[in-house]
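# I need the structure of the sequence given here:
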Amino acid sequence: LAFALFIGISMSITAFPVLARIVQERNLAKTPLGVLSIASAANDDVTAWCLLAIVIALTKSGSSTSALFTVGMTILYILFMFLCVRPFFRKISQIRANNEILNKSLIGIIFLTLIISASITELIGIHALFGGFIAGVVMPSNLGFRHIMMNKVEDVTLTFFLPLFFAYTGLNTNLLLINSWSMIGICALLIRSEEHTS
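Take a look at the predicted model:
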């Protein structure tokens, strides 16, 4: 059941950065179609990531009690991020939106929030990636603030963190677990379906 839920949720998650880049390059960001597609993908991703966190919590936990504890802590963590951390960054964005540059201390606070968020989710019992995702979701939607942040962070992210993430994921992949013809068939089917969807 856990495997089926994990695969189902994983296949339903949108490639949100790819979609956002396509919409931006086609100059559809301010059109009703572009806004609707981005909003739908964002809602889909947030829901899917929350469900995925619950499934991972249930899978990693040895008993139903520890699973319930992990799920409860995850819900508390999400509430804290949205009710406490998000208003804090919203106030900062309102103050800094008119400035063309952000000072180093604010950049440090944002990176620290990202690292702490990822560490907390790892300690709770779900993947650190979920913590990083939630940290990104609670960032303010102020376009001026986001534009300045993207200019600051994009180069570091694309040249350092993105290759590091794929390298870490690749090194943790164990191909020896595909040890039967049925597993090889499932693997080929998943790769084939991914090729068609992309």
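# Could you pull out the helices in this protein for me?
Using DSSP state H, the helices of the chain run over residues 2-12, 16-25, 32-60, 64-80, 86-96, 104-124, 128-137, 143-156, 162-171, 181-197.
# Need these in TSV (columns: mean neighbour count).
Where C-beta positions appear, they are placed from N, C-alpha and C, glycine not excepted. Formatted as TSV, the helices of the chain follow (neighbours: other CB atoms under 10 Å):
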stretch	mean neighbour count
helix 2-12	13
helix 16-25	13
helix 32-60	16
helix 64-80	15
helix 86-96	15
helix 104-124	16
helix 128-137	19
helix 143-156	14
helix 162-171	10
helix 181-197	10
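# Switch those helices over to TSV; also include mean pLDDT.
TSV is the format used below for these (pLDDT from 0 to 100):
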stretch	mean pLDDT
helix 2-12	79
helix 16-25	76
helix 32-60	76
helix 64-80	80
helix 86-96	80
helix 104-124	86
helix 128-137	81
helix 143-156	74
helix 162-171	81
helix 181-197	81
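# count of neighbours near the nearest residue in space to Val35 that is not next to it in sequence?
Residue nearest to Val35 in three dimensions, not counting chain neighbours: Ala29, with 7.7 Å by CB to CB, 6 or more residues apart in numbering. By the criterion of other CB atoms under 10 Å, Ala29 has 13 neighbours.
# and Ala29, how far is that from Leu19?
11 Å (CB to CB, to the nearest Å).
# Then Leu1?
Leu1 is 30 Å from Leu19, where distance means CB to CB.
# For the residue nearest the centre of the chain, which non-adjacent residue is spatially closest?
Closest to where the C-alpha atoms of the chain average out (CA atoms, centre = their mean) is Phe133, at 3.0 Å. Computed as CB to CB, 6+ apart, the closest residue to Phe133 that is not its neighbour in sequence is Trp49, at 5.5 Å.
# Over to Thr113?
Take Thr113 and drop its neighbours on the chain: the residue closest to it by CB to CB, 6+ apart is Ala135, 5.5 Å away.
# my guess is the one you found meets Ile120, correct?
No. Counting by CB atoms under 8 Å, Ala135 does not reach Ile120; the two are 9.8 Å apart.
# that older thread, now do the shared contacts for Ala29 and Leu19.
Contact criterion CB atoms under 8 Å, 6 or more residues apart in numbering; residues shared by Ala29 and Leu19: Ile38.
# thinking again about what came up before, wait, what's in contact with the residue nearest to Thr113?
Counted by CB under 8 Å, 6+ apart, Ala135 has contacts Met81, Thr113, Leu114, Ser117, Ala118.
# Now with 10 Å, please.
81, 85, 89, 110-111, 113-118, 120-121 (CB atoms under 10 Å, 6 or more residues apart in numbering).
# go on, Met139?
Val85, Arg86, Phe89, Arg90, Ser93, Ile110, Thr113, Leu114, Phe145, Arg146, Met149.
# Return the member of those residues nearest to Glu25.
Arg146 (17.4 Å; CB to CB).
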